[in-house]
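# this is the structure alone, sequence omitted:
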């Protein structure tokens, strides 16, 4: 019983899963088995302070995740890089609009695809986020195997621990044809074009990943 009193209890910032470990683990990093997020064991003193009774209402896990997302999105995409944050709707935000200055493709009236240099994307964080992937869609024309007028296919690779900024970069890599899948396409014609024009891919080879702080 005495050992239980000094255990460090904390939650995963990605999925909210609870953990309890001995104080000798303070400061260590580990991977959450529930969602794959990297978590750091807090100090025992910080944990004790967090468990003290407070008159302030407890902030729901989803709200905390949304606030973290908003801070990182603003910090990462508010500059003049190839991905720029144009709007964040909600308090905390649950809908984002991003502009991508990336070479991709569009097709007009069934003609040969042509290069398009700017793209608008909307990312909506639904009530099931982060357990389920955000709903992402293009607001500008695009010609890509895994993107149609209704959705950008990101769900197959989503985990609750993935950062929203990483998803935003992944969408840019899709636009640039750095990432695509022709085996289960949303746009069959774009998949056929990609299969027959491998030498032209990627359309934009630049790295879209922000420099690490």
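Nice, I can see it. Keep in mind that this is a model prediction, so the values were computed, not measured.
# the helices in this protein, which residues?
Taking DSSP state H to define them, one finds helices in the chain at 2-5, 44-51, 61-77, 164-175, 188-196.
# I figured residue 209 hits residue 169, correct?
Yes - at 5.5 Å, residue 209 counts as touching residue 169 under the criterion of CB atoms under 8 Å. Glycine gets a C-beta too; all of them are placed from N, C-alpha and C.
# looking at those two, which is more packed in?
Neighbours per residue, other CB atoms under 10 Å: of residue 209 and residue 169, the larger number sits with residue 169, 19 against 14.
# so where's the protein uncertain?
Residue ranges of the chain with pLDDT under 70: 1-5, 34, 44-56, 212-213.
# 80 instead?
1-6, 13-17, 33-38, 44-57, 155-157, 211-213 (pLDDT under 80).
# out of the helices of the chain, which is the most enclosed?
helix 164-175 (a mean of 21; mean count of other CB atoms under 10 Å).
# for that one, packing partners?
Helices and strands touching helix 164-175, by 3 or more CB pairs under 8 Å, 6 or more residues apart in numbering; DSSP states H and E, are helix 61-77, strand 83-90, strand 93-100, strand 119-124.
# change it to 6 Å
Counting contacts by 3 or more CB pairs under 6 Å, 6 or more residues apart in numbering; DSSP states H and E, helix 164-175 packs against helix 61-77, strand 93-100.
# need the residues that contact the shortest one.
Going back to what we said before, that points to strand 93-100. Residues outside strand 93-100 that contact it (CB atoms under 6 Å, 6 or more residues apart in numbering): 70, 83-89, 119-125, 168, 172, 175.
# roughly how far does residue 169 sit from residue 122?
Distance, residue 169 to residue 122, by CB to CB, to the nearest Å: 16 Å.
# same question, residue 164
13 Å.
# any idea how this protein splits into domains?
With domains defined by automatic domain parsing, the chain comprises 2-51, 61-200.
# which of those domains sits most buried?
domain 61-200 (a mean of 17).
# just the endpoints, please. Distance across that one?
44 Å (CA to CA, to the nearest Å).
# i'd like the first residue to be 533 from this point on
Happy to do that; since the first residue is 533 now, the last one works out to domain 593-732.
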